[in-house]
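Enquirer: with the input below, show me the fold.
(chains A and B)
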Amino acid sequence: MTTYLPPDPDLDLTALMHMRARETGLKWHDDETADIILNLERAAGFHALVRSVLRESEQT
Amino acid sequence: MSDVAMPDDTARATARQRVSATLTRIEALRPLNAVTAILAARALDRADRIDALHHAGQQAGVLAGMPFAAKNIFDVAGLTTRAGSRATENDPPATEDAAVIRRLEDAGAILVALTNMDELAYGFTGENVHDGDTVNPYGGGLSAGGSSSGSAALVAAGAVPFALGTDTNGSSRVPAALSGVVGFKPTFGKLSRAGVYPFVDALDHVGILAADCPTATTVWQAMTGEHAAEGHLSCARLDGYFETPLHPDVVTAVTRAGAILKAERTASFPLAEAARAAAFLMTMGQSGRRHLAGLNAGAQNFGAPCRNRLRAGALLPDDWLAAAYRMQALARDQIDALLSDVDILLAPAAPCPAFPLGSAELTVAGEVLPIRLGIGKFTQCLTLTHVPVAVAAVTGPETGLPVGVQIVAARGREDRLLAALATLDTAGFRITR
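Expert: Numbers count the residues shown, from 1 in each chain, chains lettered A, B, ... in the order given. A predicted model of the protein is given here:
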């Protein structure tokens, strides 16, 4: 089921995760990083869809 | 399906007799794991007060003596509100009941139990690592749907005529469909959330799960004073996004409901998929931010399925959430335009009937459906727009399991939902218990 676009290929989710961790102070164990990235990847796909539709909407 | 039945002579039974019978039924239904707290002393005390009013010839309310349950996300005075999590266990006890519980008890209803749920309402399956999974009364280790899993299962099993749930992305509507009860998600803000443990401020609703249409109508009338709309309602079926993937039993149900409600045309909600995506982002981002401090202080108190969703949510950039809010405004405009042209829209509630607990994915109409991402796809997009939605359930001819149809009306027009539910019920579109 394709219900969302893949994340922006230029988006480095690992870099985003670490940047936001510094900003928010969120901590976790290293062995949970992969699962957090998986969840971020899903969110990035949904964000790509929302952004794409918003752009289309703003152009019309 | 459970063979536990309601009392034969409910109307003449005293409130104490009704509550006692309900408590016995709840005990008998322990294998469903639908209940996390039984409030026997409180319920029997309340029943005695209602019986005393009756004996004195005084009115005790339109719901007098009617037992009900509530998801353990609602405050009950003297108890810590658990919201299905260990992360809440050190919170102080609530000092008063949630506003909706007070309203129901003012009308004579009696709270008898608190029910199981997905942790922090973050899920559609009724699986909970702390309290155990809720089991669908239709058996076979099936999911009751979630997150208001225990409320739906308890109503479906005939233990209580109705129960309170919440609905942020479909958490009352999905379990209503999978467990075979009537689900009711009113307009955003119409029922008070005072005393409800928050999940996503922008999307949280109080929901009602009822055994049948007359009960749902009576409870809604007791809470709001509103009645069903009169006269003909125009109806259309939502197409496109809402047509795939669908189990054949769901196709049959939507088609049949459309025929009964004379849905002679289809209607399009082109932003549905983007609306669903925006709801996903708002849910993840808001709930993650809410629990950030708790995650750092005691991550072990959050179950594994929930913990890293919340962490990822806390990490979402603010501009992703801002985009989701912009999408919400667009989606609301689009659904408002649709509902200015037709009174009622129909859509499937879930893509399929109940699935085995523990499933990560299942195949529906040849398409692999990830449970977590897929089961709420038809409810989540509508939540974002804050419109009221009811679910009517019917038995699927192929599986013998319940499936549900969403009935959608314009904001503030719950009267149209009640009218459509009544039309379906009169035509036999209901679960026979």
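
Enquirer: pretty sure A:Leu16 is touching A:Leu40, no?
Expert: Yes - the pair A:Leu16 / A:Leu40 is scored as a contact, 7.1 Å apart, by Cβ atoms under 8 Å. C-beta here means a position set from N, CA and C on the backbone, and glycine is covered the same way.

Enquirer: so what sits against both of the two?
Expert: Here A:Leu16 and A:Leu40 share the contacting residues B:Leu315, scored by Cβ atoms under 8 Å, 6 or more residues apart in numbering or on different chains.

Enquirer: spatially, what comes nearest to the residue most central in space within chain A if we skip its sequence neighbours?
Expert: The geometric centre of chain A, computed from its C-alpha atoms, lies nearest to A:Ala44 (Cα atoms, centre = their mean), at 2.8 Å. Nearest in space to A:Ala44, with sequence neighbours left out and distances taken as Cβ to Cβ, 6 or more residues apart in numbering or on different chains, is A:Pro7 at 3.4 Å.

Enquirer: tell me the contacts of the one you found?
Expert: A:Pro7 neighbours (Cβ under 8 Å, 6+ apart): A:Leu13, A:Glu41, A:Ala44, A:Gly45, A:His47, A:Ala48.

Enquirer: quick check, the fifth one in a helix?
Expert: Read that as A:His47. Yes - applying DSSP: H, G, I helix; E, B strand; the rest coil, one finds A:His47 inside a helix.

Enquirer: count of neighbours near it?
Expert: The local packing of A:His47 (other Cβ atoms under 10 Å in any protein chain shown) involves 27 other residues.

Enquirer: per-residue confidence at it?
Expert: pLDDT recorded at A:His47 is 96.

Enquirer: which SSE is the closest residue to it other than its chain neighbours in?
Expert: Distances taken as Cβ to Cβ, 6+ apart place B:Trp320 nearest to A:His47, at 4.6 Å, with adjacent residues excluded. If you go by DSSP states H and E, B:Trp320 is part of helix B:318-339.

Enquirer: which residues does that helix contact?
Expert: Contacts for helix B:318-339 (Cβ under 8 Å, 6+ apart): A:43, A:47, A:50-51, A:53-54, A:57, B:202, B:236, B:267-272, B:274-275, B:277-279, B:281-282, B:285-286, B:345, B:381-382, B:384-387, B:408-411, B:413.

Enquirer: show me what from chain A comes close to chain B.
Expert: A:1, A:3-4, A:16-17, A:20-21, A:24-28, A:32, A:35-36, A:38-40, A:42-43, A:46-47, A:49-51, A:53-54, A:57 (Cβ under 8 Å from any Cβ of the partner chain).

Enquirer: what about 6 Å?
Expert: A:1, A:4, A:17, A:20, A:24, A:26-28, A:32, A:35-36, A:39-40, A:43, A:46-47, A:49-51, A:53-54 (Cβ under 6 Å from any Cβ of the partner chain).

Enquirer: for PyMOL, write the selection for the buried entries among the residues you listed.
Expert: Buried residues within the residues of chain A next to chain B, by 16 or more other Cβ atoms under 10 Å in any protein chain shown, are selected in PyMOL with:
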select buried, chain A and resi 4+17+20+26+28+35+36+39+40+43+46+47+49+50+51+53+54
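
Enquirer: tell me which of the residues of chain A next to chain B fall in helices.
Expert: Within those, residues falling in helices by DSSP state H are A:17, A:20, A:24, A:35-36, A:39-40, A:43, A:46-47, A:49-51, A:53-54.

Enquirer: next, give phi and psi for the residue nearest to the spatial centre of chain B.
Expert: Taking Cα atoms, centre = their mean, the centroid of chain B lies closest to B:Ser172, which sits 1.3 Å from it. Backbone torsions of B:Ser172, given as degrees, to the nearest 10, read phi -100, psi -40.

Enquirer: show the contacting residues for it.
Expert: By Cβ atoms under 6 Å, 6 or more residues apart in numbering or on different chains, the contact set of B:Ser172 is B:Ser148, B:Gly165, B:Gly183, B:Lys185, B:Gly207.

Enquirer: what distance do you get for it to B:Asp204?
Expert: B:Ser172 sits 11 Å away from B:Asp204, going by Cβ to Cβ, to the nearest Å.

Enquirer: got the CA positions of stretch B:380-399 in CSV?
Expert: What follows is stretch B:380-399, C-alpha atoms only, in CSV (Å, rounded to 0.1, in the frame of the first residue of the first chain):
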residue,chain,number,x,y,z
GLN,B,380,-7.9,9.3,10.6
CYS,B,381,-8.5,11.6,7.6
LEU,B,382,-12.0,12.5,8.8
THR,B,383,-10.9,13.2,12.4
LEU,B,384,-8.7,15.9,11.1
THR,B,385,-11.7,17.9,9.9
HIS,B,386,-13.6,17.6,13.3
VAL,B,387,-16.9,16.5,11.7
PRO,B,388,-19.2,14.2,13.6
VAL,B,389,-19.1,10.5,12.5
ALA,B,390,-21.2,7.5,13.6
VAL,B,391,-20.4,3.9,12.8
ALA,B,392,-23.1,1.3,12.1
ALA,B,393,-21.9,-2.3,12.2
VAL,B,394,-23.3,-5.3,10.4
THR,B,395,-22.3,-9.0,10.1
GLY,B,396,-20.1,-9.7,7.1
PRO,B,397,-21.5,-12.5,4.9
GLU,B,398,-18.2,-14.0,4.1
THR,B,399,-16.5,-14.1,7.5
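
Enquirer: re earlier: following element in sequence after the helix holding B:Trp320, please.
Expert: Next helix or strand after helix B:318-339 toward the C-terminus (DSSP H and E): strand B:344-348.

Enquirer: alpha carbons only: can I get that following strand in PDB?
Expert: Presented in PDB, the C-alpha positions along strand B:344-348 are these (Å, rounded to 0.1, in the frame of the first residue of the first chain):
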ATOM      1  CA  ILE B 344     -24.700  12.500   4.800                       C
ATOM      2  CA  LEU B 345     -21.500  10.900   3.500                       C
ATOM      3  CA  LEU B 346     -20.800   7.200   3.700                       C
ATOM      4  CA  ALA B 347     -17.400   5.500   4.000                       C
ATOM      5  CA  PRO B 348     -16.000   2.300   5.300                       C
END
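
Enquirer: what mean pLDDT would you report for whichever helix or strand comes after that strand?
Expert: Heading C-terminal from strand B:344-348, the first helix or strand you meet, by DSSP H and E, is strand B:361-364. Per-residue pLDDT values across strand B:361-364 average out to 93.

Enquirer: per-residue pLDDT, the residue nearest to the residue nearest to the centre of chain B when sequence neighbours are not counted?
Expert: In this structure, B:Ser172 finds its nearest non-sequential neighbour in B:Gly207, 2.8 Å apart by Cβ to Cβ, 6+ apart. What the model reports as pLDDT for B:Gly207 is 98.

Enquirer: the residue nearest to the centre of chain A and B:Gly285, how far apart?
Expert: To B:Gly285, A:Ala44 is 12 Å away according to Cβ to Cβ.

Enquirer: again, but for B:Ala109
Expert: Distance from B:Ala109 to B:Gly285, by Cβ to Cβ: 36 Å.
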